[in-house]
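# need a structure here:
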Amino acid sequence: MAHYPATPYEAVAIVDGLADAESHEVVIEAWQFLIDSQVVWQMPGRYGRQANSLLDQGICVQRHEVARIPKKYQPE
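Just a heads-up that it's a prediction; the model follows:
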């Protein structure tokens with residue numbers, strides 16, 4: 001069963017390989033979480049470049065809705 005990251009910290013641990021990901025889909029979900037929460041754009045440049053690459057390839061999508069992200073991680 002895939003596990004969607006619960007926090008930006010957990011998502012970063014997954015994309016950096018510091019936390020075990022059950023599958024490649026979990027890694028993509030972690031990137032999507034960072035994009036959805038907009039945290040990725042506040043991180044060092046390599047994260048933003050990778051996120052843009054995933055968006056350009058259609059692997060991740062830029063969402064205008066952030067309803068499934070916990071309120072405390074939603075942009076103001």
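# mind listing the helices for this protein?
Ranges of helices in the chain, per DSSP state H, are 8-15, 24-36, 45-56.
# closest to residue 62 out of these?
Between residue 62 and the helices of the chain, the shortest gap by C-beta to C-beta is with helix 45-56, which sits at 5.8 Å. (Each C-beta comes from the backbone N, C-alpha and C, glycine too.)
# Can you spell out which helices and strands pack onto the closest one?
The contact analysis (3 or more C-beta pairs under 8 Å, 6 or more residues apart in numbering; DSSP states H and E) places helix 45-56 against helix 8-15, helix 24-36.
# quick check: angle from it to helix 8-15?
Computed by axes from the mean of the first three to the mean of the last three C-alpha atoms, to 10 degrees, the angle separating helix 45-56 from helix 8-15 equals 80 degrees.
# quick one on the thing from earlier: which among the helices and strands packed on helix 45-56 is found nearest to residue 48?
Relative to residue 48, the nearest member of the helices and strands packed on helix 45-56 by C-beta to C-beta is helix 24-36, separated by 9.6 Å.
# so the closest one versus helix 8-15, what angle?
Interaxial angle of helix 24-36 relative to helix 8-15 (the same axes, to 10 degrees): 140 degrees.
# tell me what helix 24-36 is packed against?
Contacts defined by 3+ C-beta pairs under 8 Å, 6+ apart place helix 24-36 against helix 8-15, helix 45-56.
# How about residue 8, nearest residue that isn't a chain neighbour?
Once flanking residues are discounted, residue 8 sits nearest to residue 39: 4.5 Å by C-beta to C-beta, 6 or more residues apart in numbering.
# what's the distance between the one you found and residue 48?
The gap separating residue 39 from residue 48 is 10 Å, by C-beta to C-beta, to the nearest Å.
# Have a look at the two and say which one is more surrounded.
Higher neighbour count among residue 39 and residue 48: residue 39, with 20 against 15, using other C-beta atoms under 10 Å.
# Perfect, I'm done here.
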